[in-house]
Each structure stands twice: as C-alpha cells, then as structure tokens.
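Colleague: how does the following fold in three dimensions:
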Amino acid sequence: MNVQWRGVPCGLYIQNLPCILVIASTMTAIKHALQRDIFTPNDERLLSIVNVCKAGKKKKNCFLCATVTTERPVQVKVVKVKKSDKGDFYKRQQTWELRDLTEVDAKDASKENPEFDLHFEKVYRWLASSTAEKNSFISCIWKLNQRYLRKKLEFVNVSPQLLEESVPSGESQSVAGGDDDALDDYQELSTREEQDIESMMEMCEYAISNAEAFAEQLSKELQVLDGANIQSIMASEKQVNILMKLLDEALAEVDTIEGKLSSYEEMLQSVKEQMDQISQSNRLIQISNTNNGKLLDEIQFLVNYMDLSKGHIRALQEGDLTSPKGIEACINASEALLQCMNVALQPGHDKLMAVKQQHLLFADLRDTFARRLTNHLNNVFVHQGHDQSSTLSQHTAELTLPKHSPLHRDLLRYAKLMEWLKNTHREKYEGLSRTYVDYMSRLYEREIKDFFEVAKIKMAGTSKEAKGKFGLHGSSGKLTGSTSSLNKLTVQGPNSRRSQSSSLLDMGNMSASDLDVADRTKFDKIFEQVLSELEPLCLAEQDFISKFFKLQQHPIVTPPLAQPETEESNGGTLSRIAPQAEHRHSLSSEKDMVRLMMNKIFQSIETELNSLIALGDKIDSFNSLYMLVKMSHHVWTAENVDPASYLSTTLGNVLVTVKRNFDKCISGQIKQMEEVKISKKSKVGILSFVTVFEEFAELAETIFRSAERRGDLDKAYVKLIRAVFMNVEKVANESQKTPRDVVMMENFHHIFSTLSRLKISCLDAERREAKHKYTDHLQSYVINSLGQPLEKLNHFFEGVEARVAQGVREEEVSYQLAFNKQELRKVIKEYPGKEVKKGLDNLYKKVDKHLCEEESLLQVVWHSMQDEFIRQYKHFEDLIGRCYPGSGITMEFTIQDMLEYFSSIAQSH
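Modeller: Numbering: from 1, shown residues only. Alright, predicted model coming up:
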C-alpha cells in the first residue's frame, strides 16, 4: 500500500522528518516569540517571516515580517525586526506600509537564488537564509496585495507558478473576495498543536539527539497503523453486503410510494382548478365593494367639506359689522368659507358640475362680504381722520398727546376679518391699508404739530414777546435768526470776567440772566416730557398695525384658491387669473411694510423734533448737552426693545442732529477762545475761557452723571482742554502788562484745581500736564524775579563760576584782579541787611501787582521765593568757602535775618 499525505508519499516525509522538525521547531519558536512580544501588543497579526541580512554586507541577521492589523480598516505592513545586542529579546527597527511598495525583484525566476529586492522610497537589497523562505515571503506579499490593496505592484523575476499557487483553485472564488482560509497557512501554531508536538518528542528522549532513530521509530508506528486500517476494512465486508440488501428493499418501497403520490396529485389538480374559479369570483366581488366604498367616501368628503350652512351664508350677506355679536358671527362664517374654498380636492373633482357650482357660490359670497367689510372699515377710518374731538388745543396747560387706545381696541375686533381679507382679497386689503395710513397720518399730523407748538411755547415762555423772540410762527415751528451769532470776547479786567464767560453763552441775543440753572432744568423736563409722550404713542401704533393688519416677521403665502377668479367659458374650462394691483409695492417682508406705514403716518415727527432741537439750541447752546443725554437714553431704550423699529430709526436720525449741534457748540467755544483779545492796560489774571471751561465741565458732569454713554463728552473734553492750553500760551505770549510766567502759572493752576476737583478720568493726562506747566512757570517766575534784589552779587559770583569753568583752580580765583578779596568785600558791603530787606519789600509789591486776587497765589509765590533766596545764599557762602578760604569774609546778613525779612514783609502787607 502506497500511503500519501497531501499528494506526497509518506515515506518521503518520514525520511526528511528530523530536519523538518528541527527547522520547524526553531522558526515556530521565533515566530511565536515575535507575535507575543512585538505584534500582539500593537493589535497586529504576523503572517510570514523570513530570516535576512543586507546583501553584500556582513552584519547580524534580522527578520522581515509581513503583518496585518486586527482592526478594520486593515493595514498591511512590512516590519524589520532585529535581535537586541544586550539581551535575548527582539525589537522593532523599521516599518513600511505595503501600499508604499512599488516593486518586488526576486533576481532569478529559473534558479534558486536567496537574494531579492524590495522597492519602497528606495531600493532595499536582502539576502534570505534560504530560497524557500524567500519564495514563501514573496508569495505572502502577493496574497496580501491581492486581498487588501489590489494595487499595481510589479513582481519581477518571480516564477509564475509561485504566484499561481497563491490563487485558489475554484474559478468562482476571487483573491480579493476570498475568506480567511486563504491565510490560514500563515497562522501560528495553536496551543494544542504545540502540546502534541512536545508530548510526541518527550516520549522519545533521543528525538533531537538521534533524529534517524526517531524517524525509524515513527516509520514503524506508521506501518503498524496502516496494517490495522487494512484489517479493519477487510472485517467490514460482511456488514457492507447486508447494508446493500437493505438499500435494495428501500428502493422498491420508494417506487410504491411514488405511484400513490401521482394519483393524489391528479386529484389535487382538479380541486385546485375549482378553487381558482371561486377565488376569481371573490376577487371581483371585493373590487366592486372597494370601489363603492371609495365612491361613498368621495361623496361624503365633498358634502362635508364643501357645504356651507345657511347661517354662515346669511352672516356673510347681511351680518351686522357694528355689534360684537354680529362681528363674531361674521368671523365664524368667513373662516368656514375660507376652509371650504381651500379644500384640497383630488384630481378630477373640479370637473364635477356640483363642485363647479359650489365654487361659483363661494366666490360670490367672498366678493360680497369683502365689499361689505371694506366699505364699513373705510367709513370708520374716514370718520376717525376727520374727528376733531381728540385734537390738542394750542392753549392747553398739559403737555400730553391724545391717546388712541379706544380706537385701537374697537378696531382690533376686526383683526381676524382683516386676516381673512388679506388671504382672500389682497387688492382690497392693500386698499384698506392705504386708506388707514392716509387718514391717520392727517390726524397724527394735526395732533403732533399742536403738541410741539405747546412744547415750544413752554420752552420760550408763554408771552408774545418770547414767542416772537424765537421766531415761532403758528404750528409750523420754524425758527428765525442764526445760532452762530456769537459775541466776541474782550478782556477788560478781572472784575468783568463773569460778563465775559456769560457772553460765551449769549446765543440768539439773550442775556446771561436768562440762562440760569432753573431755565436749563425747565428745558430738560420739557424735552424729556416730549420724548416720553412720543415713545408710547409710536410703540402703541406700531403694535396696533402689526396686530390689525397681521403683519408679522415672516410673509404668509396666500392660498391660490382663495384669490378672486374670473371665469371664461371656453370648452367648459375654468381659468383662474390673479388680478394685479396697479400701485402694489414690492416689499421684501411684512416687517418692511410696517416700517413703511409708520413712516407715512408719523412723517412729521422727525421734522418737528429737529425744529424743537433747533429752538433749544437757539435758546442756550448748552441745552445740547441735555438733549444729547436724553436722546441717547431713549435711543438706547428703543434699540433694546426692537433695533429695527420705526421709533428706534427715527430717534437715531434725530440723535445725529443733536450730536451735530453738540459738536457745533464745542466748535463755537473753541472759536471764541481763538478770538479772545486782551487789554494792554490791565493785568490778565484768569482768562475768561478758562472760567467758561470750568462752568462747562461742572454742568456736563452734572448732566452726564447717570448717562449710559460718555464717548461724545470725553471727545469734547479733549478738544476743549487742548484749545484752552493752546490759547493760554497764545495769550501769555501776547501779554504786555503781565509777565508770561504769571499768566501761565495762574491759569494752569486754575485748570489743575478744576480737573482735580471734578476728577474727569479722560483728562488725567491733561491734569498732570497742567500741574507740570504750573510748577515750571512758578519756578521760572521766582528765579527771574529774585535776580533783581542782589543783582551785583549775582553777577560777581557768576563771574567766579565762569573762571572756575575755564580751568582756574578755586583757591586761585582770589588772585584774579576782578575777583580778589577786596572786590568781594566791596560787593558784599553794597548789600547790608537793611538794603536786602528794602529790595525784598519792593519785590513783594511787584509780585503783588503781577498776581490776581482770585487764585490767591501770592503767599505760595512768596514762600517759593524765600526758599530760592535761601538756596542762593547757601550757594554764595559755599563759593566763598571754596574760592576764598581763610579770608573770614561773610555776608552782611544771615539766614535767620532773611527769614525775619520775608516774614515781616508778608505780615505788613
């Protein structure tokens, strides 16, 4: 008996079994270790391994491994693994993706050659330990490419049989779609297989040391097993014969059963034909019943949804549109009519005569009711527009606007009818909208003009003189005169400073006495009252328009069946043509329509507000501060409610005018600063525009204390303070009576005091600059003034310092002819204590003549002069000690004497 395994004689396996077992055992152990230590932790599976080294170089061997990931999507990699030099373990050295492999070169397809090349980003040349391992590795690479990548990968010098062996033999099984059995050859040994091999080798102690004896023993055991198999087959021959006999008897029984089944089949065929006839009859009956049911449903649908009750018809034709009960009946009837007209009919329903008749009835009822509703609301709008009872009298004592809430409440009862009209008769709906806007705009125009006329009279005063003074003519509110007629300032002396600062406020030829705090507070209250009356009026009207005319954020799509129709008798065809309104506005949204209606109704508000603002600015330019704060607050409030509302837009436009007037007020003040003229006969003192800036800042801080925005005021502060600084220096340079340092010192001291008291944060830098200028000019004035009482002594020591600066040693200065000891004593004798006190007294009088009384800087300047005088005295003594050592020369007076001189002079005056 020739026993084979996998098509190969078992004797051949047995002869080479020792070598096979040794190699297989070693590679299996390595493969198992690599899988356990390197690839399993990274969720990878090792499929093939080849022992290689680099071609042409003598280096330690390494392993190339073909792996795939266990998670999807599957990634195929080629990994280079090297054994560590320091221990018996392996480490991952380099990894390539299989998709980056472009070519595999086996070097020779006909001969056994262990060399091969792999082309990745560069060419890697390898030398395998055996040709079999190389071929197995290349075959695995080919399989992995076909299974997972199917990319164009070149295999050069590779035997076609090697690649064909990798393809499954079945034609219907593709490489790419094969199951996991195609890679089973590459799985590592299971635990049971390892245990079986180990137990078999443990049974023979010389399995490794004496492979030939072990092979011979395995051969003997195989022969014993073959003999046992043959004996078992021969012993079962009798049982086979009995089994064959039983099979023959079973076949005969099967033939008998088949005959009976044929007769039964003929009987069932006859029954089947009868049942088919019965089923066909039942199906026809069921179809007829279904059709009758559907027809009944269609008839019930048309009757239920296209039938309008007599009560609804009577309400549409004759319903009372003045009483609440009649309005409610009309609303219910109109909604029922709209539902009937908008019923979604099935295809073919419109060809039924009854449906056509109902459509004609509905269209007639719709047109009739729309005409009645339009006429009634037109009469209401016209009557309200001509109503004089709510008009504001010009002589009323209360500054209030009439309320229209009763009218809105009455009209809102028709809101649902307006919505019905909007959906069914767009042309009449828009006509009503235009009528309402037309007549309500007339009503509001009368009321608003009367309201603003009263506001202007209250601002300017109720007398005819005040009315003519500011050019009020009727209800138009036009202004005469010019707000730019500003008086030029002329500085005549410190006593006229109040009149100078008041003239800066003298707008429209008004006296300063009229512009007190009470007048400004009165104006502020009137302006606030005007805005407080206008705001709820506009909001209430906009809310009413949105609710009454059903103008929401999103446009409503009008149902096509609800529009008016014109019938043309042409072959029984009913054509619907939507009418086009001649003056229809193309609005992007209903929100734009609300804004357009509000603009037309309140078209006079913005004009009247601008006229009122111009009057307030004409009365007092500082009123622009009140108006800026109030207007900014109301704009901010309106924007929080609805940024796109009519009120927010209108007040925003007016706010621009207020800001422009405020800027004009600031520019006017700056211009007057530049036009200031100083008197040549009197001392300057505190300049008028410095005082005016102080008043402006105090007023502005009071007004803007609780304002939401200060940006405009802060900008105005910066402009004004820079103009004040510039013009103070300009006046100081032009001053002839008062020294420049005094003008600068006094005015910047006043500015510094004002800014420190008001604590205006945006002017911190200017406050520090004012203090710096004040200090510098105080020091300059003191130094320049102190040079006069000891003039010769100053000149003498200036000459001494000049000689020292030229290189003369200090102890040799006394040998200079002009600066010897005799000359020094002569100069010192000219300034005894009595003369010094006399000179200081004259100096005090001159300083007192230069300084003004308002700032009270005389004692400050006098104390600074005392400090400077002491400093100069100490400096002179120091020079005497260094340049005239041992001479015993001293001043005729001491520091204590000087202190007594300064104190007595200050007390005497």
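Colleague: thought Tyr844 was touching Ser904?
Modeller: No. At 10.5 Å, Tyr844 does not count as touching Ser904 under the criterion of CB atoms under 8 Å. (C-beta placed from N, C-alpha, C; glycine too.)
Colleague: and Asp437, what does it touch?
Modeller: That one is not Asp; residue 437 is Val. 597, 600-601 (CB atoms under 8 Å, 6 or more residues apart in numbering).
Colleague: okay, and which of those map to helices?
Modeller: 597, 600-601 (DSSP state H).
Colleague: neighbour count winner among Tyr844 and Ser904?
Modeller: Tyr844 (20 against 13; other CB atoms under 10 Å).
Colleague: in a strand, the more buried one, correct?
Modeller: No. Counting by DSSP: H, G, I helix; E, B strand; the rest coil, Tyr844 falls outside a strand, being helix.
Colleague: relative to Gln866, how far out is it?
Modeller: Counting by CB to CB, to the nearest Å, the gap from Tyr844 to Gln866 is 11 Å.
Colleague: remind me which residues of the stretch 501-650 of the chain are low pLDDT?
Modeller: Flagging of the stretch 501-650 of the chain using pLDDT under 70 yields the residue ranges 501-517, 552-589.
Colleague: list the beta-bridge partners for Leu64.
Modeller: Val50, Lys80 (DSSP bridges).
Colleague: longest helix anywhere in this structure?
Modeller: helix 237-305.
Colleague: wait, doesn't Thr67 sit right on Val74?
Modeller: No. The criterion here is CB under 8 Å, and Thr67 misses it with Val74 at 10.3 Å.
Colleague: more neighbours, those two?
Modeller: Neighbour totals were compared for Thr67 and Val74, and Thr67 leads with 24 against 13 (other CB under 10 Å).
Colleague: okay, and the more buried one sits in which element?
Modeller: strand 62-69 (DSSP states H and E).
Colleague: and that strand, what's buried?
Modeller: 62-68 (16 or more other CB atoms under 10 Å).
Colleague: just name the closest of those residues to Asn794, please.
Modeller: Cys62 (100.6 Å; CB to CB).
Colleague: what pLDDT does the model give that closest one?
Modeller: The confidence metric pLDDT takes the value 88 at Cys62.
Colleague: quick check: phi and psi at Lys82.
Modeller: Dihedral pair for Lys82: phi -130, psi 140, per degrees, to the nearest 10.
Colleague: how close does the most centrally placed residue in the chain get to Thr637?
Modeller: In the chain, the C-alpha nearest the mean C-alpha coordinate belongs to Pro643, at 17.7 Å (CA atoms, centre = their mean). Distance, Pro643 to Thr637, by CB to CB: 11 Å.
Colleague: still on that earlier bit, the strand holding Thr67 - contacts with which helices or strands?
Modeller: Judged by 3 or more CB pairs under 8 Å, 6 or more residues apart in numbering; DSSP states H and E, strand 62-69 is in contact with helix 10-34, strand 44-54, strand 76-83, helix 131-144.
Colleague: next, format these as JSON lines and append mean neighbour count, distance to Glu97 and mean pLDDT.
Modeller: Converted to JSON lines, those look like this (neighbours: other CB atoms under 10 Å; distance: least, CB to CB, whole Å; pLDDT from 0 to 100):
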{"stretch": "helix 10-34", "mean neighbour count": "15", "distance to Glu97": "19", "mean pLDDT": "58"}
{"stretch": "strand 44-54", "mean neighbour count": "20", "distance to Glu97": "13", "mean pLDDT": "90"}
{"stretch": "strand 76-83", "mean neighbour count": "18", "distance to Glu97": "6", "mean pLDDT": "90"}
{"stretch": "helix 131-144", "mean neighbour count": "21", "distance to Glu97": "12", "mean pLDDT": "90"}
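Colleague: make TSV from these and add distance to Lys325 to it.
Modeller: What follows is the helices and strands packed on strand 62-69, written out as TSV (distance: least, CB to CB, whole Å):
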stretch	distance to Lys325
helix 10-34	97
strand 44-54	87
strand 76-83	86
helix 131-144	89
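Colleague: so which of those gets nearest Tyr717?
Modeller: strand 76-83 (74.0 Å).
Colleague: show me what the helix or strand following the closest one is packed up against.
Modeller: Using DSSP H and E, the next helix or strand after strand 76-83 towards the C-terminus is strand 90-97. With contacts taken as 3+ CB pairs under 8 Å, 6+ apart, strand 90-97 sits against strand 76-83.
Colleague: would you mind pulling up the elements that the strand it packs on packs against?
Modeller: Counting by 3+ CB pairs under 8 Å, 6+ apart, strand 76-83 packs on strand 62-69, strand 90-97.
Colleague: worst mean pLDDT among those?
Modeller: strand 90-97 (a mean of 89).
Colleague: so what touches that one?
Modeller: With CB under 8 Å, 6+ apart as the criterion, strand 90-97 contacts 33-34, 37-38, 62-63, 75-84, 118, 120.
Colleague: how far does that strand sit from its chain's centre?
Modeller: 49 Å (CA atoms, centre = their mean, to the nearest Å).
Colleague: that strand pairs with which strands, parallel or anti?
Modeller: strand 76-83 (antiparallel).
Colleague: quick one, helices of the stretch 751-900 of the chain?
Modeller: Assigned by DSSP state H, counting those that start in this stretch, the stretch 751-900 of the chain shows helices spanning 764-786, 791-806, 821-829, 833-850, 858-883, 895-908.
Colleague: redo those as a markdown table? Include distance to Gly431 and mean pLDDT.
Modeller: Output for these, formatted as a markdown table (distance: least, CB to CB, whole Å; pLDDT from 0 to 100):
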| stretch | distance to Gly431 | mean pLDDT |
| --- | --- | --- |
| helix 764-786 | 64 | 85 |
| helix 791-806 | 99 | 85 |
| helix 821-829 | 109 | 85 |
| helix 833-850 | 83 | 77 |
| helix 858-883 | 82 | 82 |
| helix 895-908 | 92 | 78 |
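Colleague: select, out of those helices, the one closest to Lys737.
Modeller: That would be helix 833-850 among the helices of the stretch 751-900 of the chain, by CB to CB, at 9.0 Å.
Colleague: so for the closest one, what gets flagged as buried?
Modeller: 836-837, 839-841, 843-844, 847, 850.
Colleague: now flag whichever of those residues is closest to Glu701.
Modeller: His850 (32.6 Å).
Colleague: how about residues contacting stretch 700-710?
Modeller: Contacts for stretch 700-710 (CB under 8 Å, 6+ apart): 625-626, 629, 632-633, 636, 713, 716-717, 758, 760, 762.
Colleague: cool, stretch 325-335 as well?
Modeller: 311-313, 315-316, 319-321, 369, 373, 413-414, 416-417, 420.
Colleague: what mean pLDDT does it get?
Modeller: 89.
Colleague: give the buried residues for it.
Modeller: So for stretch 325-335, counting by 16+ other CB under 10 Å, buried means 327, 329-334.
Colleague: pull the CA atoms of it into PDB?
Modeller: Backbone C-alpha positions of stretch 325-335 (Å, rounded to 0.1, in the frame of the first residue of the first chain) are rendered in PDB as follows:
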ATOM      1  CA  LYS A 325     -72.200  89.500  18.300                       C
ATOM      2  CA  GLY A 326     -72.500  90.300  14.600                       C
ATOM      3  CA  ILE A 327     -68.800  90.600  14.200                       C
ATOM      4  CA  GLU A 328     -68.300  87.200  15.900                       C
ATOM      5  CA  ALA A 329     -70.800  85.600  13.500                       C
ATOM      6  CA  CYS A 330     -69.100  87.200  10.500                       C
ATOM      7  CA  ILE A 331     -65.700  85.900  11.700                       C
ATOM      8  CA  ASN A 332     -67.000  82.300  12.100                       C
ATOM      9  CA  ALA A 333     -68.700  82.500   8.700                       C
ATOM     10  CA  SER A 334     -65.600  83.900   6.900                       C
ATOM     11  CA  GLU A 335     -63.400  81.200   8.400                       C
END
